[in-house]
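[1] Attaching a predicted model along with its sequence, questions to come.
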Amino acid sequence: MIDALGKVLTELRDDVPFLAWHEGRVRGEEAAPKTASYAGDARGPGEYIRFVVISALGAVREPRVPIQRATFAVNVFGLSPKDAMTGYVLASDAIHRAGVRMEGSGSTRIGIWNSWDDTGASPERDPQTGQPFVTFIVRIIATDQSVAA
């Protein structure tokens with residue numbers, strides 16, 4: 001089975017209106033950690049930056065046809081509750097009813113029939129940093145094996 005998380009990540013990362021908001025900080029499964037040359041994504045009050053973390057919640061394969069129904073949680077971290085909601089709207093617009101498309105290449109090329117924002121959202125605060133964020137659920141219907149161009 002092809003893991004669709006990378007495909008959803010790529011679509012959200014490369015969507016032009018949303019890219020202007022998150023500046024390329026879209027992560028799979030967890031925020032980028034602090035290193036010697038980067039302060040990390042999750043920072044304390046007064047140092048917040050915009051970033052997005054996508055987590056796989058599961059993928060169910062159809063028994064008779066080569067498709068999967070995958071579900072993801074998308075956490076959009078903003079500078080304020082209003083800013084997080086702005087990021088959410090941009091992310092939702094990028095993914096909701098995006099239609100049929102092909103993503104990837106070679107043995108990881110996946111066909112996506114559709115994707116949608118399944119929940120809507122409301123702002124919350126991260127319990128460790130206090131940073132405002134919005135979580136919404138994305139569902140996709142896609143192939144579970146590589147497809148030819």
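    Structure's in. What do you need? Since the model is a prediction, treat every value here as computed from it, not as a measurement. Numbers count the residues shown, from 1 in each chain.

[2] Residue 129: how many residues sit nearby?
    Residues near residue 129, counting by other C-beta atoms under 10 Å, number 17. (Glycine included, C-beta is placed from N, CA and C.)

[3] check contacts around it.
    42, 43, 44, 45, 48 (C-beta atoms under 8 Å, 6 or more residues apart in numbering).

[4] and if we set it to 10 Å?
    31, 41, 42, 43, 44, 45, 47, 48, 77 (C-beta atoms under 10 Å, 6 or more residues apart in numbering).

[5] Name the SS class of it, please.
    Here residue 129 is recorded as coil under DSSP: H, G, I helix; E, B strand; the rest coil.

[6] what ranges of the protein fall below the confidence cut-off?
    149 (pLDDT under 70).

[7] ok, which stretches of it are strands?
    26-28, 51-61, 67-77, 101-103, 110-117, 123-125, 132-143 (DSSP state E).

[8] could those go into JSON lines alongside mean neighbour count and distance to residue 94?
    Converted to JSON lines, those look like this (neighbours: other C-beta atoms under 10 Å; distance: least, C-beta to C-beta, whole Å):
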{"stretch": "strand 26-28", "mean neighbour count": "18", "distance to residue 94": "10"}
{"stretch": "strand 51-61", "mean neighbour count": "17", "distance to residue 94": "11"}
{"stretch": "strand 67-77", "mean neighbour count": "21", "distance to residue 94": "10"}
{"stretch": "strand 101-103", "mean neighbour count": "15", "distance to residue 94": "12"}
{"stretch": "strand 110-117", "mean neighbour count": "19", "distance to residue 94": "9"}
{"stretch": "strand 123-125", "mean neighbour count": "14", "distance to residue 94": "19"}
{"stretch": "strand 132-143", "mean neighbour count": "20", "distance to residue 94": "10"}
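
[9] wait, which of those is closest to residue 7?
    Nearest to residue 7 among those is strand 101-103 (4.1 Å), distances taken as C-beta to C-beta.

[10] Go ahead and measure how far the closest one is from the middle of the chain.
    When distances are taken as C-alpha atoms, centre = their mean, to the nearest Å, strand 101-103 is centred 16 Å away from the chain's centroid.

[11] Stretch 33-46 now?
    So, by C-alpha atoms, centre = their mean, the centroid of stretch 33-46 is 20 Å from its chain's centroid.

[12] Between the two ends of that stretch, how far is it?
    Distance between the two ends of stretch 33-46: 18 Å, counting by C-alpha to C-alpha, to the nearest Å.
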